Structure formats: structure tokens, C-alpha cells
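> Okay, sequence plus prediction incoming.
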Amino acid sequence: MQYVGDGREQGSLDAFWQSLLPAQLAGVEAVGMDMWEPFVQSTLAHVPGAASKIVHDPFHLVKAMNEAVNEVRKSEHRRLQAQGDDTLKNTRQLWLYGLENVPAKRAQSFEEIWTINLETSRAWMLKELFRSFWLCDTLKQAGTYFAKWYSWAIRSRLDPVKKVARTCKSHLEHILTFFVHRLTNGPIEGLNNGIQGLIKKAFGYRNRERFKTDIFFHFGGLDLYPVQ
């Protein structure tokens with residue numbers, strides 16, 4: 001079933017759930033979403049057993065950790081520059097890489113930076129450890145791993161990292177469900193990128209219904225071949 005709602009209020013998703021039959025709602029096995037509370041509450045209100053079916057997508061959580069690393073970097077860069085130290089100059093992109101995909105031509109220079117005892121280096125390592133969290137094999141293993149990571153993050157004295165850690169802990173119930181359902185929003189993120197391309201191509205939409213029609217036309221899987 002395809003659905004395009006208006007806005008990001010709880011009622012935006014309520015309308016979708018209300019369009020389904022009771023048997024369809026009961027048949028929902030898992031619901032992937034970010035941590036937007038109105039959508040969480042809508043799903044809890046309409047989907048039977050939703051507490052164990054909502055899965056907070058790893059993509060958004062790792063993205064939040066990347067943003068935290070960048071906040072630490074910017075703050076530390078300003079302090080170092082005030083002392084005439086340009087160690088972190090032009091390194092923003094480097095800290096977004098995982099250790100396994102740092103470009104070969106920059107691997108040596110990156111190693112020289114991240115092995116220095118910088119706040120940014122510690123934030124990056126905590127981000128990498130958080131990425132490893134999603135590789136846990138079982139729910140029990142994931143719960144144990146998160147508890148250790150959370151302790152490290154809270155003791156890091158890095159406020160942006162601590163903020164992400166506390167947010168994750170407050171939503172942990174729906175984060176750990178990933179290790180039951182293994183559901184991600186990857187395909188939806190690709191769809192969102194396509195929709196953003198539509199908006200750019202049209203230089204924006206004044207008419208919301210026309211916008212919805214274009215989304216269905218381009219991404220609704222329509223068979224445009226004439227009937228023979």
C-alpha cells in the first residue's frame with residue numbers, strides 16, 4: 001500500500017493507520033522509523049503489539065553520532081586555532097569515514113591525527129564503537145554491548161556525544177528491536193532522495209496535491225505500457 005501524508009504531526013500517520021483494516025493492522029510485523037515521537041505515538045495507538053514492532057533505524061542513529069563528532073571537532077578546532085594550532089583544519093570529511101573506508105591517499109595522515117589525544121579523536125572512536133553495536137548477533141549481546149558503550153560515552157566528558165547516548169538510552173526499547181527484526185530504512189532513504197530531486201527539478205511545489213500526484217507517478221511503480 002502506498003500513502004503520502006501531510007506534515008509530521010501524529011495525525012499525519014494516524015490517517016494511514018486508520019485506512020487499514022483490523023486484519024491488516026494485526027498483520028504488521030515491524031515498523032521502521034526514526035525517533036520522531038508523534039510517529040511513535042501514532043503507531044503505538046493503532047498497531048497491535050507495536051511496542052515490540054517499532055524499530056528505530058540505525059541510519060539515523062549513526063548519523064546523529066556523526067553530527068556529534070562534528071560538533072566536538074568544530075569546538076576543539078576553534079580552541080586550537082586560538083592557540084595557533086591548525087591540526088584539525090580541513091579535516092571535517094575525514095571524521096565522517098569509518099576506519100575501513102578512509103581513502104588510501106589519506107589513510108596515513110588520518111592515522112597521524114586520530115592517534116593524537118584529541119577530543120575529536122575520542123568522539124570518533126566512540127562513533128566507531130557505536131557502529132560496531134549494530135553488528136551484534138543477538139538481542140542479549142546487543143543489550144550488553146550498549147550498556148558498555150553508554151558508560152564509555154557518558155564518561156567521555158564530550159557533551160554532544162553524551163546527548164546522543166542519553167537519547168539512545170531513552171529510546172532503547174525500540175533500538176534493540178532491530179536485533180529481532182533486522183529492519184532498516186535504507187530503501188526509504190533512497191526514495192526520499194528521489195523525492196528531493198523532484199522538488200529541485202520542479203523548483204518547488206505550490207500545490208500539495210500536485211506534489212503528491214508527481215510522487216505517485218514517478219515512484220509508485222506504475223505500468224505505463226499500453227494494454228495490448
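Nice, I can see it.

> can we go C-alpha only for contacts and neighbour counts from here?
Fine.

> Quick check, central residue of this structure?
Among the residues of the chain, the one closest to the centroid is residue 60, at 0.6 Å (Cα atoms, centre = their mean).

> Secondary structure element holding it?
Element membership for residue 60, per DSSP states H and E: helix 58-82.

> Low-confidence ranges, the chain, go.
Along the chain, the parts satisfying pLDDT under 70 run over 1-4, 185-196, 198, 207, 209-228.

> all strands of it, in order?
Assigned by DSSP state E, the chain shows strands spanning 31-33, 54-56.

> and the first one, which strands flank it?
Looking back up the chat, that one is strand 31-33. Using DSSP bridges, the strands paired with strand 31-33 in its sheet are strand 54-56 (parallel).

> Residue 135: how many residues sit nearby?
Residue neighbour count, defined by other Cα atoms under 10 Å, stands at 11 for residue 135.

> what do you get for the one 4 residues further on?
If you count neighbours by other Cα under 10 Å, residue 139 ends up with 14.

> just residue 163 next, same as before
16.

> That one and residue 44, how far apart?
Using Cα to Cα, to the nearest Å, one obtains 25 Å as the distance from residue 163 to residue 44.

> go on, residue 14?
If you go by Cα to Cα, the gap between residue 14 and residue 44 works out to 10 Å.

> Over to residue 168?
Taking Cα to Cα, one finds residue 168 at 19 Å from residue 44.

> and what of residue 106?
Residue 106 is 47 Å from residue 44, where distance means Cα to Cα.

> Neighbour count: these two, which is higher?
Set residue 106 next to residue 44 and count neighbours by other Cα under 10 Å: residue 44 wins out with 16 against 10.

> my guess is the more buried one meets residue 53, correct?
No: assessed by Cα atoms under 8 Å, residue 44 is found out of contact with residue 53, at 9.3 Å.
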